[in-house]
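Trainee: When you get a sec, could you give me coordinates for this:
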Amino acid sequence: MTIVKAAISQTTWTGDKESMLDKHEQFSRDAAAQGAQVICYQELFYGPYFGITQDQKYYRFAEAADGPIVQRFAALAKELNMVHILPIYEEEQTGVYYNTAVVVDADGTILGSYRKHHIPHLDRFWEKFYFRPGNLGYPVFDTAVGKIGVYICYDRHFPEGWRELGLNGAHMVFNPNATKPGLSNRLWEVEGPCAAVANGYFVLQPNRVGREDNEYGDLAVDFYGTSQVIDPRGNNIGPLGSGTDEELIVRELDLDLVQEMRDDWQFYRDRRPDSYTHIAQA
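Mentor: Numbering: from 1, shown residues only. Got it, this is the predicted structure:
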């Protein structure tokens, strides 16, 4: 039996970047104290969810994928001997920005990045103002705790990317979110478990929680938290996170379940890519 202890965190915007960075460093330290070997924060973890408005001032939250924030948390990863998934606002060059997650191994090595592919643009989710669509494919990172993939928030509505990550070898996929009540509630309940079952891997979904009215006043939305960890058979491991409060969630993943699920259900063997004539057409 191969057990990995994994952590995900949920919180709301404190009002300034430095306190958000400190808060997430403490999440990592608390997770390490509980034996966690890997942690993933929520989408755009050190800022507000700025898609609420279209405002150029939030471009200043972007920095390089190997910039000061990633370097700080890479040093922390090495200190704690814990893999980190860091959902940041990435500046590739001046004026070119991505919604990115950087994967850092337990020895502090920056293994690479995933860039969010599917970019929404609708009321209070004005993401096309801030991000180009991802262009790094669906990488899977061979880390100290196993093979990790990343899929970010709105991506989760698209089953094709989940499958790409499975085909690329993922045994666990982290899906950081900033998700609010409305049409998404039922999808939140079913999409993670469906992805886990269809692909035979663990799905871990941190979500923001609370109302960021300290930044947006009446425009603010209520992020509903309920972060979850799902096994390859579609079952929640432990209770969901709080729907209202900050929380650190630490769960045990029995990685042997990946092999067991794929032995029981031969979805990869029985795929028929030769018959899927429309999936990849523009």
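Trainee: Stretch 275-282: end-to-end distance?
Mentor: 17 Å (Cα to Cα, to the nearest Å).
Trainee: Quick check: can you name the pairing partners of the helix or strand of the chain with the lowest mean pLDDT and their directions?
Mentor: The helix or strand of the chain with the poorest confidence is strand 121-122; it has a mean of 92 (mean pLDDT, DSSP states H and E). Applying DSSP bridges to the sheet, strand 121-122 is found paired with strand 125-126 (antiparallel).
Trainee: where exactly do the helices run in the stretch 1-150 of the chain?
Mentor: Remark: helices assigned in the stretch 1-150 of the chain by DSSP state H, counting those that start in this stretch are 17-33, 68-80.
Trainee: export those helices to a markdown table and tack on distance to Cys40, mean pLDDT and mean neighbour count?
Mentor: All C-beta spots, glycine's among them, are computed from the backbone N, C-alpha and C. Below are those laid out as a markdown table (distance: least, Cβ to Cβ, whole Å; pLDDT from 0 to 100; neighbours: other Cβ atoms under 10 Å):
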| stretch | distance to Cys40 | mean pLDDT | mean neighbour count |
| --- | --- | --- | --- |
| helix 17-33 | 10 | 98 | 16 |
| helix 68-80 | 12 | 98 | 18 |
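Trainee: These into JSON lines, with extra columns for distance to Ile88?
Mentor: Below are those laid out as JSON lines (distance: least, Cβ to Cβ, whole Å):
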{"stretch": "helix 17-33", "distance to Ile88": "11"}
{"stretch": "helix 68-80", "distance to Ile88": "6"}
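Trainee: Which one of these lies nearest to Gly192?
Mentor: helix 17-33 (20.4 Å; Cβ to Cβ).
Trainee: and for that closest one, what are the contacting residues?
Mentor: Contact with helix 17-33 is made by 7, 9, 11, 13-14, 39, 41, 45-47, 61, 69, 72-73, 76-77, 80-82, 84, 248, 250, as judged by Cβ atoms under 8 Å, 6 or more residues apart in numbering.
Trainee: Please pick the buried ones from these.
Mentor: The neighbour-count test (16 or more other Cβ atoms under 10 Å) applied to these identifies 7, 9, 11, 13-14, 39, 41, 45-47, 61, 69, 73, 76-77, 80, 82, 84, 248, 250 as buried.
Trainee: tell me the phi and psi of the residue most central in space within the chain?
Mentor: With distances taken as Cα atoms, centre = their mean, Pro176 lies nearest the centre of the chain, 2.4 Å away. Torsion angles at Pro176 (phi, psi; degrees, to the nearest 10) stand at phi -70, psi 140.
Trainee: Would you confirm that Ser210 belongs to a strand?
Mentor: If you look again at residue 210, you'll see it is Gly, not Ser. Yes. Per DSSP: H, G, I helix; E, B strand; the rest coil, Gly210 lies within a strand segment.
Trainee: Find the residue closest to it in space, skipping its chain neighbours.
Mentor: Among residues not flanking Gly210 along the chain, Thr12 sits closest, at 3.3 Å (Cβ to Cβ, 6 or more residues apart in numbering).
Trainee: ok, now Gly241?
Mentor: Using Cβ to Cβ, 6+ apart, the nearest residue to Gly241 is Ser227, at 3.7 Å.
Trainee: any idea how far the one you found lies from Tyr138?
Mentor: 22 Å (Cβ to Cβ, to the nearest Å).
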